[in-house]
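Engineer: This is a predicted model, with the sequence first.
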Amino acid sequence: MQQQYDVVVVGAGFAGPVAAKKCAEAGLKTLMLERSENPGEKVISGLTIPVYGFLFGPSFIRDGNPPIERPVDGIRNYVIYDIKTSDIDIVELRIPRPLSPVMAFGYNAYCKPFIEWEVKKALESGAELRTSTTAVDVIRENGCIKGIVTDRGENIRAGIVINCEGSQGILAVKAGIREKYPPEAISLADTYDYECPKEVIDKVFGHTLRFCWGFDEQMIAPPLGHGNGLMSWPYRNSIHWMQDQCLALDRGQVPNLVRLFDEYHENITSQLPWWRDEIAPYAGMRARMWEGFEIFVGLDDRLRNLPNVADGMILVGDAAGLESTGLCDGVPAAWFSADIAADVAIEALKADDTSAAFLKKYAKRMKAHPIIQWTITCRGRWNLRKAQESHQRKDLKGGVNYQFGPGILTHVGTPLTRCILGAMRKDLLVMSKWVKMFIRYYYNWEHERFGGERLSERPGVKGTQGLALLLFNIVVIVLSPLSLVLAWLLAPLAWAVNPFNKLLQPLIELVLRGWIKMEPLFRSLTTLTINSVKQSNPSIFNISK
Amino acid sequence: MVGKSQKFPGVEWVGDTGNFIRIDEAKCTGCSNCLKVCLGRCFEIRNKLAAIKSLDECMECAACWYVCGEGAVDFSWPPGGTGYRSDWG
């Protein structure tokens, strides 16, 4: 039986619903195909979605109420020289109080509920969803992809296919568009989920991620290298824990990871002081999972430039090799690329031209996206491996600082500034929306109020916060012509942010360290800020649709 | 049929996957790379060559496919609605 759609989206993960929603909103008959029975149940991650994903990604996520597990204020890195003698340095990158935790560095989330929320939004916009359906092949006519063949033997025809199938890219490989990645581009992530009382997590982690890095013999993460570490994420009532291992071969051989993952996990959980003493007595393992993902594809020129379009198909997110080589996150690039893919698909169908030549608009826009390009080409994590091998304390600490500490400002500053200025040019009120997002997300986290677009008013709350936000909105509106002019004027200078930050790096680090040390002085202000948001009337930070 | 694992709590495996991973004996050199990366212990060595022991605890990570330098491992997705699932990813 043949069925005809304008757009078929393969995969309902983080990217698929974003593309499907936009296409459906444009009036296109859109179908999502998902191989799992329930969306999100095959997606494994230790997940902080960095804040730039929310700031510059799809507006329905920025302006909505997706389910998050905890706002994150930054990363506390444990640089381990000798775990037995607790010879450990700490490198910290954190938004200080009282800005945080309301102003967040990112948001932790379980994949399944977040993806279910995204899918719900796509369905509300008119997209269709078919679960328990695996795309096994493409329909080709005169070389052009014209739809999908499913494992149920269905031929689903489409004007265009948006492929969001994920890291392995089985469909794209089978269709001859891309190729199987070499093992040195792949990371195998052994992931644990521990239940732990919220008050213990609040006390030990607060809102800060904890990462561990060490010389090889410290057995922090399995020994093949290329920048491996151990990462832990505080969720609401649980902790995610991941040891990941690049699959690079040594003379054709891979170490016995089955044995080593167990050994290293036992080593670190029994010796890492804060885990052993402060978490382990209260934590119980709820789940252990693992996943392979394409961590270093972007660092290889040839792999990075593999086609991400073909006649009749656009590849998005992990399926296009967009996993971040630095922070190891894939969600923001998945959202950005899905958004761009939907725009190009809509244009292509309107022009009645879905040829690869037309779809190269997508490739061009991807190359022009400052954060996508930064995330897939950043070598900080890769270079950590050299430091782990070198056994030079300075190198290891410096490498951690560069990628996961304040040093990141020397390479993320320019792309971030470009995106901020670009967003200000496109939407005069975007700053107001960002502020509302931070407040809404924190409010929803505190009250566990997710999903609803319209939060009802809570009785008994005072209106001062609403007044403050209204005044802020007025200021944004009044100053918007000026901010627009500034955004245009400053855009050509954005390149200078990275070198400027590099020049001022010692000063920036000094200020940041000093501010964090002085945080106790801001305790009252922090409490006031948090309570103010908690007691807000939630209607004040809704975005009018 | 839904399977569970003592070693990997929080994950369920829905059966009837079929043989979505296959090994081409003609290409396999018996290097054991697939055994060494498979946390689900899906492989074994039989007559000096890799063979599928059971896909009951496969997480579909494709690590076996990536580390096989000979191209002897053929990896595809299991049928829709089958294979692993978890609420805790």
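Structural biologist: Thanks, I have it.
Engineer: Near the nearest residue to A:Gly380 once chain neighbours are set aside, how many other residues are there?
Structural biologist: If the residues on either side of it in the chain are set aside, A:Gly380 comes closest to A:Gln403, at 3.0 Å by CB to CB, 6 or more residues apart in numbering or on different chains. (C-beta placed from N, C-alpha, C; glycine too.) A:Gln403 has 29 neighbours, counted by other CB atoms under 10 Å in any protein chain shown.
Engineer: May I ask you to confirm that A:Gln403 is in contact with A:Cys378?
Structural biologist: Yes: between A:Gln403 and A:Cys378 a contact is recorded at 7.5 Å, counting by CB atoms under 8 Å.
Engineer: joint contacts of the two?
Structural biologist: A:326-327 (CB atoms under 8 Å, 6 or more residues apart in numbering or on different chains).
Engineer: Distance-wise, check A:Thr131 relative to chain B.
Structural biologist: Here A:Thr131 is placed at a distance of 7 Å from chain B (CB to the nearest CB, to the nearest Å).
Engineer: same question, A:Met424
Structural biologist: 36 Å.
Engineer: can I assume that residue sits in a strand?
Structural biologist: No: judged by DSSP: H, G, I helix; E, B strand; the rest coil, A:Met424 forms no part of a strand; its state is helix.
Engineer: In contact with the closest residue to A:Arg523 other than its chain neighbours: list those residues for me.
Structural biologist: Closest residue in space to A:Arg523, ignoring its immediate chain neighbours: A:Arg97 at 7.6 Å, by CB to CB, 6+ apart. Under the criterion of CB under 8 Å, 6+ apart, the neighbours of A:Arg97 are A:519, A:522-523, A:525-526.
Engineer: try A:Leu490
Structural biologist: Contacts of A:Leu490 by CB under 8 Å, 6+ apart are A:417, A:421.
Engineer: does it sit in a helix or strand, and which one?
Structural biologist: A:Leu490 belongs to helix A:464-490 when elements are defined using DSSP states H and E.
Engineer: Mind listing what's buried along that helix?
Structural biologist: A:465, A:469, A:473, A:476, A:480, A:483, A:487, A:490 (16 or more other CB atoms under 10 Å in any protein chain shown).
Engineer: what mean pLDDT does that helix have?
Structural biologist: Mean pLDDT, helix A:464-490: 86.
Engineer: do the same with stretch A:395-404
Structural biologist: Averaging pLDDT along stretch A:395-404 yields 94.
Engineer: How far away from the center of its chain is it?
Structural biologist: On the basis of CA atoms, centre = their mean, to the nearest Å, stretch A:395-404 sits 21 Å off its chain's mean C-alpha point.
Engineer: Once you drop chain neighbours, what's closest to the closest residue to chain B within the stretch 301-450 of chain A?
Structural biologist: The minimum distance from the stretch 301-450 of chain A to chain B, using CB to the nearest CB, falls at A:Asp318 (12.1 Å). Excluding the flanking residues, the one nearest A:Asp318 by CB to CB, 6+ apart is A:Ser167, at 4.3 Å.
Engineer: from memory that neighbour sits against A:Phe293, does it?
Structural biologist: Yes: between A:Ser167 and A:Phe293 there is a contact under CB under 8 Å: 4.4 Å.
Engineer: show me the contacts for whatever residue of chain A ends up closest to chain B.
Structural biologist: Nearest to chain B, among the residues of chain A, is A:Ala287, at 2.3 Å (CB to the nearest CB). Listed by CB under 8 Å, 6+ apart, the contact set of A:Ala287 reads A:192-193, B:8-11, B:86-88.
Engineer: for chain B, what spans make up the helices?
Structural biologist: B:33-37, B:63-67 (DSSP state H).
Engineer: Report whether the first one contacts chain A.
Structural biologist: In other words, helix B:33-37. Yes: Helix B:33-37 reaches chain A (CB under 8 Å from any CB of the partner chain) through B:33, B:35-37.
Engineer: and that helix, what other elements does it pack with?
Structural biologist: Judged by 3 or more CB pairs under 8 Å, 6 or more residues apart in numbering or on different chains; DSSP states H and E, helix B:33-37 is in contact with helix A:257-271, strand B:43-46, helix B:63-67.
Engineer: Narrow the contacts of A:Ala287 to those in strands?
Structural biologist: A:192-193, B:11, B:86 (DSSP state E).
Engineer: residues touching residue 39, list them.
Structural biologist: Reading this off chain A. For A:Pro39, the contact set (CB under 8 Å, 6+ apart) comprises A:12-13, A:17, A:112, A:115-116, A:119, A:129, A:131.
Engineer: nope, chain B please
Structural biologist: Contacts here follow CB under 8 Å, 6+ apart; on that basis B:Leu39 touches A:190, A:257-258, A:261, A:290, B:8, B:59.
Engineer: of those residues, buried ones?
Structural biologist: Buried residues within the contacts of B:Leu39, counting neighbours by 16+ other CB under 10 Å: A:190, A:257, A:261, A:290, B:8, B:59.
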